[in-house]
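Enquirer: Sequence unavailable; structure follows:
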C-alpha cells in the first residue's frame, strides 16, 4: 500500500472560509455614528467602536439590529465618562440563525473586543439588587445621576 504525506489531502474548512469572507465583508461595510435608529429591523451582527477601536461585537437573532443598537445607544447616553459622539458602529444583515451565530463568533475571535465580557451588553435582570456585583463596564462608566 502506498503511503502519502498529508499535503496531498484536501479537507474544505467551511468555518475558515466563512470567517474569512465574513470579516472581509464586515470591514468593507460603512462605519456609522451610533444613533437610536442607525440600523434596519433585520437579523445580523454588529460591532461597536469607541474612539476608533472595536470594543464590542454582538448579534441580533431573537431581536433585530435596530433594537439592539438602540439599546446600546441609550445605555451609553445614560453614562458618565463616555460621550456617544465617540461611538460608532458597523453591522451586517445575515439570513439564517447558524450564520448569525457563526458571524458573531468570528467577530469576537478575530477582534477580541475589550468590552466583550465587561458587562456592556448584559441583559441580566436584577442589576443593582443586593448581592449582584457591579460589572467592570458599570464601574468605568457609572450611570448619570
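Expert: That came in fine, so what should we check first? Bear in mind that the values here come from a model prediction, so they are computed numbers and not experimental data.

Enquirer: Now the closest residue to residue 81 other than its chain neighbours. Its backbone dihedrals?
Expert: Leaving aside its chain neighbours, residue 81 sits nearest to residue 141 (5.2 Å; criterion: C-beta to C-beta, 6 or more residues apart in numbering). C-beta coordinates here come from the backbone N, C-alpha and C atoms, glycine included. Per-residue torsions, residue 141: phi -130, psi 70 (degrees, to the nearest 10).

Enquirer: Am I right that residue 98 is in a helix?
Expert: Yes: per DSSP: H, G, I helix; E, B strand; the rest coil, residue 98 lies within a helix segment.

Enquirer: Now do the most centrally placed residue in the chain against residue 28, distance only.
Expert: Geometric centre of the chain, nearest residue: residue 57, 1.3 Å, by C-alpha atoms, centre = their mean. From residue 57 across to residue 28, the span is 16 Å (C-beta to C-beta, to the nearest Å).

Enquirer: Please list all residues in contact with residue 77.
Expert: Residue 77 is in contact with residue 84, counting by C-beta atoms under 8 Å, 6 or more residues apart in numbering.

Enquirer: How many residues are close by the residue lying closest to residue 53 once chain neighbours are set aside?
Expert: Spatial nearest neighbour of residue 53, excluding adjacent residues (C-beta to C-beta, 6+ apart): residue 114 at 7.5 Å. Applying other C-beta atoms under 10 Å, we find 15 residues neighbouring residue 114.
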